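>>> what follows is a predicted structure for the sequence shown.
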Amino acid sequence: MEPKKLLMIVNPRAGRNKSRGPLFDAAAIFSQAGYLLSIHNTTAQPGDAASAAASAGDYDMVAAVGGDGTLNEVVSGLMTLEHPPLLGYLPRGSTNDFASSLHLSGKPAEAAAGMVSGVPRRLDVGRWNGRYFVYVASFGAFTRSSYTATQAAKNALGHFAYILEGMKDLNSLRPYRVKLTADGEALDGEYLFGAVCNSTSIGGLMKLDAERVVLDDGKFELLLIPNPRTPADLQNLVVALLNQEYDSEGLVFRHVSAIHLETEEELPWSLDGEYAPSLPAVDIENRCQALEMLL
């Protein structure tokens, strides 16, 4: 009987201040479970993890080792395969939003043990004009901070690195006028921020109720923050966000499977914390249960 093959795609820059010893413990657990290991250390070149995953068609499992950006690239590569292998995730980044949604341990050995004893689960994957994302596509305020915070800052400061970068955007905080259709519903307006997500956490700062987020239902959670017109509107907006009351008047919260957005403005986007260019028209669709993940 041939051993099962597992490819670990490791981002050595993610969580650089963390000890590498636990990764050896995780590798030992995979080996003891009967997997023949291969390890690919990614380079700083964008797309390297995606290329490695796209070449992993002969493996039984691919484990992404790094932050949400590494997971995004690995998923993007796997989605090019007709029959992608099982996906595993050893979170080693500074926020690990998607890992939080899945209740994955931040300790590599525990996460590895969960993978080898876990049951495969189908997960939705989003597609943004042909590019894939795992847990969020966002636009507007503070979006830029997710991809402009340096890796060194994220390693050293964690969530605080995103807060510092977000503060730099305060002076340029402004609404963006968009034409937006979500599952046929017109939601045109001026918005400070918008997120199309499949996660209970956005940027490690905004939380969604776990009971309202289903990761394999073919639906995204759409959250839009409109431009407040009066001081009272602003106060209600802040209270609603702080208390996670997303159904409050003033916020827009929907469960949708497809979105079409048009704008004439330069609109910054982020996919799983990675830069995406401003485009005049964007189509976002849910690839329902597109990948199997060991949990």
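Now that the structure is in, tell me what you want to look at. The shown structure was predicted, so the numbers you read here are calculated from the model rather than taken from an experiment. Numbers count the residues shown, from 1 in each chain.
>>> could you pull out the helices in the stretch 151-295 of the chain for me?
Secondary structure of the stretch 151-295 of the chain by DSSP state H, counting those that start in this stretch: the helices cover 151-157, 159-168, 231-242.
>>> could you report the pLDDT at E264?
In the predicted model, E264 carries a pLDDT score of 95.
>>> just for the stretch 151-295 of the chain, where's the confidence low?
Counting by pLDDT under 70, the stretch 151-295 of the chain contains low-confidence ranges at 151-173, 202-206.
>>> wait, isn't L222 in contact with L261?
No: assessed by CB atoms under 8 Å, L222 is found out of contact with L261, at 10.6 Å. Using the backbone N, CA and C atoms, a C-beta is placed for each residue, glycine as well.
>>> looking at those two, which is more packed in?
For L222 and L261, the more surrounded residue by other CB atoms under 10 Å is L261, and the numbers stand at 24 against 21.
>>> so who does the more buried one touch?
Residues touching L261, when contacts are defined by CB atoms under 8 Å, 6 or more residues apart in numbering, comprise 139, 178-181, 281-284.
>>> try it again at 7 Å.
When contacts are counted by CB atoms under 7 Å, 6 or more residues apart in numbering, L261 is found next to 178, 180, 282.
>>> now C288
Shown in contact with C288 (CB under 7 Å, 6+ apart): 124, 218.
>>> run the last query once more with 10 Å
For C288, the contacting residues are 122-125, 216-219, 257, taking CB atoms under 10 Å, 6 or more residues apart in numbering as the criterion.
>>> now L86
The contact partners of L86, taken as CB under 10 Å, 6+ apart, are 4, 6, 59-63, 78, 115, 118, 120, 291-294.
>>> between those, which is closest to R92?
Taking CB to CB as the measure, R92 lies nearest A63 of the contacts of L86, at 11.1 Å.
>>> same for the host helix or strand of that closest one, what does it pack against?
Under DSSP states H and E, the secondary-structure element containing A63 is strand 61-66. Packing contacts for strand 61-66, counted by 3 or more CB pairs under 10 Å, 6 or more residues apart in numbering; DSSP states H and E, involve strand 4-10, helix 21-32, strand 35-41, helix 48-54, helix 68-78, strand 86-91, helix 108-117, strand 281-294.
>>> would you list these in JSON lines and tack on distance to Y275?
JSON lines is the format used below for those (distance: least, CB to CB, whole Å):
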{"stretch": "strand 4-10", "distance to Y275": "20"}
{"stretch": "helix 21-32", "distance to Y275": "28"}
{"stretch": "strand 35-41", "distance to Y275": "23"}
{"stretch": "helix 48-54", "distance to Y275": "15"}
{"stretch": "helix 68-78", "distance to Y275": "10"}
{"stretch": "strand 86-91", "distance to Y275": "21"}
{"stretch": "helix 108-117", "distance to Y275": "27"}
{"stretch": "strand 281-294", "distance to Y275": "14"}
